[in-house]
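[1] give me a 3D structure for the following:
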Amino acid sequence: MPNSQPIVIRIKKGKDGRTALSCTRADGTTTWQRQEGRQATFFPKHDLTHYAVETALGHQQGFYGLVSAGWDFADFGSPWPRGRLPVEAHISEMIVGVFDLERRIGERPSAQELNEKLAEYSVENGLPQQRRLTEEDLDRVREKRAEMFAKWEAVRPGDALEIPFEVAQANLHGSQR
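    Residues are numbered from 1 along each chain as shown. Here you go, the predicted structure:
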């Protein structure tokens with residue numbers, strides 16, 4: 001991905017129950033946001049699921065890939081200052097949503113079920129069909145997500161979890177296509 005640079009993802013667990021996500025690029029620029037209440041409970045695991053999906057599946061233009069290319073958190077919403085999201089960002093978000101639902105209700109979709117949802121989502125949103133995911137792909141995502149969740153649970157209030165991310169890393173992990 002052009003202009004991408006390594007980033008450090010930092011999720012802080014506040015002593016007051018709030019959380020904060022920041023991403024610092026190699027050039028020193030940072031984008032961040034703070035979450036309170038229910039969002040402070042939901043978003044850290046959602047953001048870690050993005051990390052798992054993007055690294056395990058090799059998504060270079062998912063959420064963190066775009067942040068590494070200079071997008072700020074405000075760029076991911078209306079009025080869409082950077083224009084339309086790349087196709088891969090839509091697909092990453094859809095897959096993360098399926099894993100968020102899995103976490104909430106405890107039902108694990110099969111690769112076939114997820115592929116059907118992705119195909120339907122692509123048709124509804126005018127996106128090209130994507131490569132079909134395998135059970136091994138889903139296992140890699142779940143394994144990486146479990147690892148990240150365990151690290152998050154070990155963070156004490158007032159401390160933070162820091163995770164390096166770079167697009168080349170995502171490409172390496174997803175090269176088993």
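[2] can we go C-alpha only for contacts and neighbour counts from here?
    Noted.
[3] host element of residue 161?
    Under the criterion of DSSP states H and E, residue 161 resides in strand 160-165.
[4] so where do the strands sit in this protein?
    7-13, 19-25, 30-35, 160-165 (DSSP state E).
[5] may I see those organised as CSV, with distance to residue 52 and mean pLDDT added?
    Output for the strands of the chain, formatted as CSV (distance: least, CA to CA, whole Å; pLDDT from 0 to 100):
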stretch, distance to residue 52, mean pLDDT
strand 7-13, 13, 98
strand 19-25, 16, 98
strand 30-35, 20, 97
strand 160-165, 11, 98
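[6] can I get those strands in TSV including mean neighbour count and distance to residue 77?
    Below are these laid out as TSV (neighbours: other CA atoms under 10 Å; distance: least, CA to CA, whole Å):
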stretch	mean neighbour count	distance to residue 77
strand 7-13	23	20
strand 19-25	21	17
strand 30-35	16	13
strand 160-165	17	22
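[7] can I get the ones you listed in CSV including distance to residue 81?
    Formatted as CSV, these follow (distance: least, CA to CA, whole Å):
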stretch, distance to residue 81
strand 7-13, 21
strand 19-25, 19
strand 30-35, 15
strand 160-165, 24
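[8] that older thread, where's the strand holding residue 161 relative to the chain centroid, distance-wise?
    Relative to its parent chain, strand 160-165 has a centroid offset of 13 Å by CA atoms, centre = their mean, to the nearest Å.
[9] what helices and strands are in contact with that strand?
    strand 7-13 (3 or more CA pairs under 8 Å, 6 or more residues apart in numbering; DSSP states H and E).
[10] I'd say residue 115 and residue 133 touch.
    Yes: Residue 115 lies in contact with residue 133 (CA atoms under 8 Å); the separation is 6.4 Å.
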